[in-house]
Structure formats: structure tokens, C-alpha cells
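In: model the structure of this input:
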Amino acid sequence: MNYPNKEKFLGINPHYLQLFNSQMDWRDAIHQSFAPLERSGAIEGRYVKKIIDSTIKHGDFMVIGNGIMLAHGGPADGVNELGIGLNLFKQSFKSRGGQNIRIVITLAPVDAKLQVPFLEVMLRYASDSKWLKQVDDCTSKNELMNLLQQSHLLAN
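Out: Numbers count the residues shown, from 1 in each chain. Here you go, the predicted model:
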């Protein structure tokens with residue numbers, strides 16, 4: 001893999017990393033995925049509402065394949081500071097359109113360009129079945145954090 005310049009790389013914030021063992025529907029999964037960003041003040045509650053409303057209106061446009069959803073809105077939708085998180089659902093949930101989702105990447109962008117290097121790298125990993133199996137095999141938040149660190153996906 002080609003890794004971005006570590007000095008400029010904005011990756012997953014370890015505080016926004018979660019692993020869920022319980023079953024939930026897609027709305028609850030989105031709410032729970034963004035909960036740490038809302039608690040930290042990175043986003044406002046209306047940001048999550050906008051994402052849910054957009055999903056209802058436009059369908060599964062945030063599902064990027066291989067059981068991954070890139071949940072995001074625009075900077076004006078209630079973003080106070082950049083936030084990138086990753087959520088692993090040990091029990092997949094059905095997206096609004098019926099696809100099985102196991103990973104939700106949460107993105108709160110402050111502009112259109114800042115997170116591009118992270119997204120380029122993340123999309124490469126999202127298409128790597130061996131790496132996705134390693135993620136799926138994680139049984140704790142610490143295991144998941146170690147894998148993401150080894151993969152150079154955690155923020156500096």
C-alpha cells in the first residue's frame with residue numbers, strides 16, 4: 001500500500017473508534033456511530049439528522065460496497081471540527097436499501113479537500129478482502145485500534 005505523507009495525514013481519531021456487538025437498525029447504527037463526535041463537540045445533533053434525512057431521500061448512496069457505509073454530510077450541516085471515525089458492527093445491520101453493513105466510517109468534513117488523502121487510502125483498504133477479514137476478526141476495540149494503527153489509518 002502507498003501511505004500518505006504522515007505529516008499531513010488526517011486519519012481515524014482513536015476516540016471515534018467503536019465496536020458494537022448488539023443488533024440494531026440502520027438509523028440507530030448511524031446515531032451510535034456518530035455519538036462520540038457529538039459528545040466531543042465535533043458535530044451538532046442536526047448533522048446526524050441531515051445524514052438520516054438524506055438517506056431516506058436518496059437511498060444507499062453512502063454505501064460504498066463490501067459492507068461499508070461512508071456516513072457523511074456537508075460542512076454546513078453542523079460540523080464544528082474535522083472528525084473521522086470507524087465503527088465495526090459484529091452483527092451486521094441492513095442499510096435502508098437492504099444491504100448488509102458491518103463497517104460505518106463516520107466523516108465530519110470541515111471543507112471539501114482536507115480529508116481526500118485519507119479517503120483515497122481508506123477506499124484502497126475497503127476493496128482489500130484480506131484486510132476486511134482482519135477487521136471482521138477483531139473482537140475488541142483494542143484489537144481494532146492495533147490493526148488500524150498497523151494499517152496507518154489512525155490520526156497522528
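In: residue contacts, Lys141?
Out: Leu17, Gln18, Leu19 (CB atoms under 8 Å, 6 or more residues apart in numbering). (Each C-beta comes from the backbone N, C-alpha and C, glycine too.)
In: what residues are up against the first one?
Out: Contact partners of Leu17, counting by CB under 8 Å, 6+ apart, are Gly85, Leu86, Asn87, Lys141, Leu144, Met145, Leu148.
In: and the most centrally placed residue in the chain, bridged to which residues?
Out: Residue closest to the average C-alpha location in the chain (CA atoms, centre = their mean): Ile105, at 0.9 Å. On the basis of DSSP bridges, Ile105 is bridged to Leu70, Leu86.
In: is it true that it touches Gly67?
Out: No - when contacts are counted by CB atoms under 8 Å, Ile105 is not listed as touching Gly67 (11.5 Å).
In: Phe102 - how many residues pack around it?
Out: Just to correct that, residue 102 is Arg rather than Phe. As a burial measure, Arg102 scores 19 neighbours (other CB atoms under 10 Å).
In: phi first, then psi, for the residue nearest to Ala112 when sequence neighbours are not counted.
Out: Nearest non-adjacent residue to Ala112, counting by CB to CB, 6 or more residues apart in numbering: Pro75, 7.8 Å away. Main-chain dihedrals, Pro75, degrees, to the nearest 10: phi -60, psi -30.
In: so Trp131 sits in a helix?
Out: Yes - counting by DSSP: H, G, I helix; E, B strand; the rest coil, Trp131 falls inside a helix.
In: what about it, distance to Gly78?
Out: Between Trp131 and Gly78 the distance is 31 Å, computed by CB to CB, to the nearest Å.
In: stretch 127-138: which residues count as buried?
Out: The neighbour-count check on stretch 127-138 (16 or more other CB atoms under 10 Å) flags Trp131, Leu132, Gln134, Val135, Cys138 as buried.
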